[in-house]
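1. heads up, no residue letters with this:
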């Protein structure tokens, strides 16, 4: 397949992917208004159709490795593009995110993200948002499920190093919940910016959970080493030179 044809297929895929949000949002809207379960069903349905379209339209196939958690945990994930959000969410039953506050103004996506229990974060005020989330978890106000956080705070391209921030440890320490690290190679195929999507196999891998009891230094060191080493290995598996 030529680069030009793959670019055209990628453009069509992106258009269809976002267009598909509308019928899912409208169909599930009455249920979503009444119950969080309706919003979760809509989000999972949309994730399934995106994965299906990616396979037949752009030749991008999906593989989920490891054991996705079904209990109440913190999922600390490598973030390389929008695709890892879709894949992680599709793999867990009751996912919710700490997300940029600007996203709540995104049509459909923002409103459904709030309905499933995601917590918006102000730019530059991440510590304030983490404190609120910790307070909600302790007080029992937060919806139960799998809380997905991105320890580096933003999308990072494969092979690029960026620091792991304190927020994940604050949640780990205050909530009493285990943390499930997640590695991926999705940025090799679906970059942070641009239209072009490469064919291949995008992998998200759930790693062994980190139980309670570690110090801040030990926790962050283990989290970073496990996610980065495994993400690099998955990138090399996809033919990317780390």
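-> Nice, thanks for sending it over. Keep in mind the model is a prediction, meaning the values are calculated, not measured.
2. This protein: helices as residue ranges?
-> In the chain, the helices defined using DSSP state H lie at 3-19, 21-34, 36-58, 82-91, 109-115, 126-139, 167-175, 216-237.
3. Among those, which comes closest to residue 157?
-> helix 216-237 (10.0 Å; CB to CB). All C-beta atoms are positioned from the backbone trio N, CA, C, and that covers glycine.
4. and the angle for that closest one with helix 167-175?
-> Comparing the axes of helix 216-237 and helix 167-175 via axes from the mean of the first three to the mean of the last three CA atoms, to 10 degrees yields an angle of 130 degrees.
5. gap between the residue nearest to residue 9 when sequence neighbours are not counted and residue 24?
-> Using CB to CB, 6 or more residues apart in numbering and skipping residues adjacent in sequence, the residue nearest residue 9 is residue 58, 5.1 Å away. Remark: distance between residue 58 and residue 24 (CB to CB, to the nearest Å) = 20 Å.
6. Compare neighbour counts for those two and give me the winner.
-> A side-by-side neighbour count of residue 58 and residue 24, using other CB atoms under 10 Å, places residue 58 first with 24 against 20.
7. first to last residue in stretch 134-148, what's the distance?
-> 14 Å (CA to CA, to the nearest Å).
8. again, but for stretch 67-75
-> 12 Å.
9. Then stretch 104-119?
-> Length of stretch 104-119, first residue to last, CA to CA: 10 Å.
10. Report the buried residues of it.
-> 108-110, 112-119 (16 or more other CB atoms under 10 Å).
11. Equivalent analysis for stretch 54-63, please.
-> Buried residues in stretch 54-63, counted by 16+ other CB under 10 Å: 54, 58-60, 62.
12. In contact with the closest residue to residue 173 other than its chain neighbours, which residues?
-> Distance criterion CB to CB, 6+ apart; nearest residue to residue 173, sequence neighbours excluded, is residue 216 at 7.6 Å. Contact analysis of residue 216 by CB atoms under 8 Å, 6 or more residues apart in numbering lists 166, 169, 173.
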